[in-house]
Structure formats: C-alpha cells, structure tokens
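# Build me a model from this:
(chains A and B)
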Amino acid sequence: MSAGRVLVVDDDPQIRRAMKATLTARGYQVGDARTGEEALDKLRSETYDLVLLDMNMPGGGGMETCRLIRSSSDIAIVMLTVNNTEQDKVEALDAGADDYVTKPYSTPELLARIRATLRRLPQAPDEAGLQQLRLEGVEIDLPSRQITVRGRTSRLTAKEFDLLSYFLMHPNKTIAHRELLQAVWGPDYGDELEYLRVFVNRLRKKIELDRSKPRFLVTDAWAGYRFHLPH
Amino acid sequence: MVSSTGSSTNFASESLWRRSGRLTFHLLVALSLVAAITFVFFRLIHVNATTVGFSYLIAILVIATLGGLLEASVSSVLAMLCFNFFFFPPVGKFTIADPQNWVALFAFLATALTASQLSARLKRQRKAALDRQREMERLYTLSCAILLTDTKQPTAKQIAHQIAQAFECPALALYDRSSHEVYVAGPEILPNIDAKLRESAVRSSVLHEESGEILITPIRLGREPIGSLAVKHAFMSDAALQSLLNLVAVGLEKARAQEEVNQAQVARQSEELKSTLLDAIAHEFKTPLTSIKAVTTDLLSNPGEPLSQQQRGLVTIADEGVDRLDRLVSEAIQLARIEGGKFKLNRGIHFPRSLLAAALRQTKSLTDGRELKVEAAEGLPLVRVDAELIEMVIAHLIDNAVKYTPQGGPIVVGAHASERGVIIHVTDQGPGISLDEQSRIFDKFYRGSGGEHLKGTGMGLAIAREIVRAHGEEIWVKSSPGKGSEFCFSLPIAPVESAE
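Below is the predicted model of the structure:
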C-alpha cells in the first residue's frame, strides 16, 4: 500500500533524483516538476497528498507557487529553503505552507516532516460529537471543513482543521504550546512556537470577525491559547 | 564704486592715490570754472556785481552737483575772494569800502556753502539708493544662480563663481566645511588663503587681511559655521554682505542635504546588491550540498538495506564533510551579513532560560554524549534581545567549548544576574587560553592552538562578538592555560512591561 503521493518541485535535477529515490524506497508514489508552473499543471491533472516545494526557483518562485496552490487547494505543502532565519520560516508558513525544512536536510528529518504533515489527529472530532457549530454569526461545518463568517465561506487546510478540532475538543481551557504542537504535529515537536503563531493567525483570519480582537481564539500570555466557546 | 554713506562701511577701499588723483582733478576743474567766470566778467563783458555774484552761484551749484562737497566749498571760498578782489570797489584790493558790500559778500558765501551742502547731500542719497538697487539686483541674480546649481560640479565651486561674477570680485575663495574643500574664483589669486579660511570657519570670526583689502568672514547656518568666504574689494553694505552670506549658507546646506540623500541611496543599493549576491552564492553552494547530504543520510538511515561496517564508516566521512562545508558556507554568509552592519535587530522580550534552551536544542547533535550542565537561576529578569541572534551566539560558544574540550570533559552553560545585566556563560575544561591568545581569539579566522585544527572555521567567535556588540553589550573570556576557559557575555535587562 502506498504511504502517500508526493510531488517533488525543485529546479535542481540531482535533488529531484535523490528525493525520488529516497521516497520511492519508503513506499511513496512520487511525481516531479521543475518549475512552479509545471507543478500547478500537474496538480490540476493528477492527485497528490503532499507537495515538497523548493523556495528558490527560477520563474515564479516557490513562495508565489505556494500561494497559488493554496488559493485553490488544501493539499499539504512542505517548503524547502537554504535560509533558516525566523523571518523566512514565518514567510513560508504565512504563504500557506504546512511545514518547512532547511537545505541541506537529512533524510530522516525530511521523512519525519512528511509524516508529521500527513499525520491526522488520532481522534476525529466527529467522534467527539462535534459536527456543526453556530456561534455569533460564525458557522463551523467540520465534516466539510468549511467556515462561514457573515456569508463568506472559506475552507480549512488539513493542519488548520486538526488544530481547530483540537481546540473544539478542549473548549474554554488554556492549552500549552507544547501540548498543541505535539497533538497536531506529532511527538517530535514542542518548541516550534512560530508554527503556532502563524497557524493560529491563519485560523483567526477564517473564523474571527476582527483578527486583531479575537473573540474565539484567545492568546493567554506565556501559557498558550484558549478557545472561548460561549455557552 | 565708492559708497560714502554713514550707514555703510567699505570693507576694502580703493587705493588712496586713485582717490586723491580724482579729487585733484575735480578741484582743478572747479577752480578753472571760477577763474573762467572771473576772467570773462572782468575782462570781456562788464556787468554789475549782482550778475557776477549770481553767475558764481550757478557755477558752484553745478560743481556741487557734479563734484562733491569739498570741491564746492573750496570753489565757494575762491569765488568769494575773486568777487571781493575783482568786482567790489576798491577793485584790485581785498578791502571793501562800502559796508553794504560786506553784507552782500557774506550773504554770497553763506548761500554758496548752503547750496553746496544741499546739493552734495542729494547726490549722496541718490548714489546710495542706486548702490542699494544694484546690490539687490546682484543678490537676486545670485539667488537665482544658487537655485539653479547642477550636480555636475561641486555646488560650492559654482556658488564661488557666481558670486565673483555677480559682484565683479577680482578674487574670491569659498571654503566648504563639510567637504573641507576651498574653491577660488576671479582673475586674481589670494595667496595663502586656505589656512585663514579654515581659521575663520573654526573660530566663527571675521578676519581682515592686507590693510583691509581682503575680508574673510564665516558662513553660518543658525549659529553653526558651515564654511567661510574670502573676498577682495567687496564693495557692498553690511546688509548686502549678510544677505549674501545667508544665501551661500542656504545654498551649501541644500547641496549637503542632497548629497546625504544621494549617499544613502547608493549605500542602500550596494547593500541590496550584496544581499542578493550572498543569497545567490548560498543557493549555488547549498544546492549540490543538499543532494549529497540527502544521499549520505539516506544510506546511513535506510533500515531496509543496512550498510556494512566499512561502508558505514566511509559514508559517515562523506556526511561529516558535507556538514563542515555547509557550516563554512553558512558562517561566511552570517559574517558577511553581520559585518555589512545593516542587519536589523529584531528585539523582543525573552526569558534567559528559554534562550539557553533553544541554543541547546540547536547544538544537540554536537553535545550528544558529552557531559553538559545547565546552571540557570530561577527568576532571572527578562532580557530585551534579538532571540534568534543571541541563540546563535550561545550555540557558537557551545560549539567552541565542544571543539576545545577533550572527550569527556564537562561543559557548563549558565545564566546569572549581575550589575551589567544578565550574564550568559559557557565554561569548558579544555586546555585554556594564554593571555596573548585571549586578545586575538575573537578576531576573524583566528584559530586556537589547543583544539582540533580541522574542525573550526575561525568565524564562530567573530560572529558572536559582532552580534553582542550590535546589542551594545560585551563579550569576554576568562582563562588560564591548563584550567579551562569561561566565555561570558552580557544581555540588556528589559524594562518592566507586559509581554506575550
């Protein structure tokens, strides 16, 4: 059985070959693309679970490609880049990536990131009795991953969905950063606060009326985040 | 142009002989006119004394109008004497028979002198008005010229030429304090003027040279002298000179501001170029490194097809080589960015302990299997730093400690509060550093004698020092040979306020 379908997007042929060999040996089905444009074409005609996207590519760079993919799809995206500054990480996550790996990467690390990104919450929210929620003008439809605020509907990516589900399963309780990271991304995570900052921000964009004054997704300084569910 | 009004001063005067020569000529003409009238009425046309007297008066008015007060006064006295000698009986003597004629004679003298005075004053006023008008025109021309200076030549040089042209100065020198340049204009040369111009600008005081022929005056913007001006034969009023200096000050300041804008633009462009270049180099080096690293780590970690012990050993060598090359490239880029001096500190409020924890996570692969102690007191004050960069500093110090500590020696990483702020320290039990080496250890590409030579890049401590300095803090080392080393640096305590 396939571990998943991965599209490798990188302008360097050697990196594409190395990734294909590694991933195929681990049971993934792998396709590849040399440019952002080619990647968008392939995503339209073929089905993938995850895109490994190089940030520095000629033509439409990785960042722009990431935004374009995200505008029409909630596929998992892991970005690869040679810079490991905080600013670059946040920019990649802001563009819609689910995770971020610095080049040169080690194969075990890359495989772990892919697994974490494809990982789903062990317990589905509908099992916890959550189906649809209607709160003060906001409509959350979990089975179809859709959120409607004042008639404007947006879809959640898989990681956003998992994060929101975890919040909804533990309403009105401050959840520590580490607990959130380990529950949603996996046991290897715990210190990547920038992931939480960006993903909480992305969720706020979709469920809050005013992102700067969140009513639902509240920051508890130094401790973590809390989902405020009115009774 | 001689200005002789009381309200204005000549800063340099025309040479004396030219003035006295002209005066002598005027006097000769005036006296000749009086003599001619005397001759005509005494020898050629015989008229009564009243007619002669009026004729003298008309002549004196003409002299006062065309000449000056002195010429008119001398002519008045001469005319009175001639009038007395030739036309009042007894003729041919300076005595006067009829007392009525005494009255007439003094009335004539008084009228002549008063008329001379009035006429001369009118003339002076007209001349002063004309002078002011000319100065205004010249200042206007100059202000237009200063507004229209271009960037092909230094502005100060253009201003100097414009002043010399507008005011017809024979020699002029302008000192621009911002560029430390002296620009000269005009056909004549001012000898040894540079030092005097600088003196005038530094002391902000007016100097006179060569019996008042050359005036050297500071150019001030507000109270600050921004240059100085030396002019030969500056025949202009105080007010005009002041306006001129103000105009020059504004012109120089405008040029300086423009220059600053241009320089900032050039600096920004070169910084952008450098950054683009570094990114390109980073990409070019790291792309092949990525494929090698992907392969070596894949071979080492693939549980499906494990390597033989010999193969594993060989692949590990390649893998370590990739890591070293990667670190070298990363550190060279870090150092170049930091030394460019333009990197921005992204300061935030942080717990010292979390900075230590993050650095320890980053260096986990280095410290695995080493004895590592963390000594961070509870309740340390929060610090205001760029966390990413400070974590990099701690990581470099840990990396350094690992390199120079023989296998098994403990490494201590800690933080404590002191008067200087929060001090982070990294201590090792390595061979220590001699005093001589301590002074050079933070220099770029310097590598200590005690460690494994091949592993270091010689850039880690230089990067650490630059980052700490950018925070306005200090880094230092306490060590003696054989007793290990302690590297310390200080962090600024955050002002008390709430934080996320």
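# Residue B:227: what's it in contact with?
Going by CB atoms under 8 Å, 6 or more residues apart in numbering or on different chains, residue B:227 touches B:156, B:174, B:175, B:176, B:177, B:178, B:201, B:218, B:219, B:248, B:249, B:252. Where C-beta positions appear, they are placed from N, C-alpha and C, glycine not excepted.
# Which ones among those residues lie within strands?
The strands, defined by DSSP state E, take in B:174, B:175, B:176, B:218, B:219 from those.
# still on that earlier bit, let me know the closest of the contacts of residue B:227 to chain A.
Closest approach to chain A among the contacts of residue B:227 (CB to the nearest CB): residue B:178, at 37.4 Å.
# and chain B, which residues reach chain A?
B:279, B:282-283, B:286-295, B:297-298, B:301-302, B:304, B:322, B:326, B:346, B:357-358, B:361, B:388, B:498-500 (CB under 8 Å from any CB of the partner chain).
# Give me the phi and psi for residue B:207.
Dihedral pair for residue B:207: phi -120, psi 150, per degrees, to the nearest 10.
# same thing with residue A:30?
phi -120, psi 130.
# hey, what's it bridged with?
Residue A:30 has these beta-bridge partners by DSSP bridges: residue A:6.
# Pull out the buried residues from the residues of chain B next to chain A.
B:282-283, B:286-287, B:289-295, B:297-298, B:322, B:326, B:357-358, B:388 (16 or more other CB atoms under 10 Å in any protein chain shown).
# Show the buried residues in the contacts of residue B:227.
B:156, B:174, B:175, B:176, B:177, B:201, B:218, B:219, B:248, B:249, B:252.
# want to throw the residues you listed into CSV with pLDDT?
Output for these, formatted as CSV (pLDDT from 0 to 100):
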residue, pLDDT
B:156, 86
B:174, 91
B:175, 92
B:176, 89
B:177, 86
B:201, 87
B:218, 91
B:219, 90
B:248, 89
B:249, 90
B:252, 87
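# Determine which two of those are furthest apart.
B:156 and B:218 (14.3 Å; CB to CB).
# Where does the prediction get shaky in chain A?
A:1, A:60, A:122-131, A:231 (pLDDT under 70).
# Over to the stretch 51-200 of chain B?
In the stretch 51-200 of chain B (pLDDT under 70), no residue qualifies.
# the domain parsing of the chain - what is it?
In the absence of a named chain, this looks at chain A. With automatic domain parsing as the criterion, the domains of chain A are listed as A:4-118, A:132-227.
# ah, I was thinking of chain B
As assigned by automatic domain parsing, chain B contains the domains B:16-132, B:149-235, B:264-339, B:348-491.
# Close to chain B: what parts of chain A are there?
Proximity of chain A to chain B (CB under 8 Å from any CB) is limited to residues A:12, A:14-15, A:17-19, A:21-22, A:25, A:56, A:82-83, A:85-87, A:103-110, A:191, A:219, A:221-222.
# Please pick the buried ones from the residues you listed.
Looks like the residues of chain A next to chain B have A:12, A:15, A:17-19, A:22, A:56, A:82-83, A:103-107, A:110, A:219 buried, using 16+ other CB under 10 Å.
# show me what contacts the one residue sitting closest to the centre of chain B?
Centroid-nearest residue in chain B: residue B:178, 2.9 Å away (criterion: CA atoms, centre = their mean). Listed by CB under 8 Å, 6+ apart, the contact partners of residue B:178 are B:226, B:227, B:252, B:256, B:259.
# if I pick the first one, what's in contact with it?
In this case it means residue B:226. Contacts of residue B:226 by CB under 8 Å, 6+ apart are B:176, B:177, B:178, B:201, B:219, B:220, B:249, B:252, B:253, B:256.
# Look up phi and psi at the residue nearest to it when sequence neighbours are not counted.
Distances taken as CB to CB, 6 or more residues apart in numbering or on different chains put residue B:177 closest to residue B:226, at 5.2 Å, once the chain neighbours are dropped. Here is the backbone geometry of residue B:177 (degrees, to the nearest 10): phi -70, psi -30.
# Now do the contacts for residue B:177.
Contacts of residue B:177 by CB under 8 Å, 6+ apart are B:201, B:225, B:226, B:227, B:228.
# Same list (those residues) but as a markdown table, adding secondary structure.
Below are the contacts of residue B:177 laid out as a markdown table (DSSP: H, G, I helix; E, B strand; the rest coil):
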| residue | secondary structure |
| --- | --- |
| B:201 | helix |
| B:225 | strand |
| B:226 | strand |
| B:227 | strand |
| B:228 | strand |
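# Among these, which one sits closest to residue B:186?
Looking across these and measuring by CB to CB, the closest to residue B:186 is residue B:228, at 16.2 Å.
# Please enumerate the strands of the stretch 401-500 of chain B.
B:411-418, B:421-428, B:475-479, B:485-491 (DSSP state E, counting those that start in this stretch).
# want to throw those strands into CSV with distance to residue B:240, mean pLDDT and mean neighbour count?
Below are these laid out as CSV (distance: least, CB to CB, whole Å; pLDDT from 0 to 100; neighbours: other CB atoms under 10 Å in any protein chain shown):
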stretch, distance to residue B:240, mean pLDDT, mean neighbour count
strand B:411-418, 65, 92, 17
strand B:421-428, 60, 93, 23
strand B:475-479, 60, 92, 18
strand B:485-491, 60, 94, 23
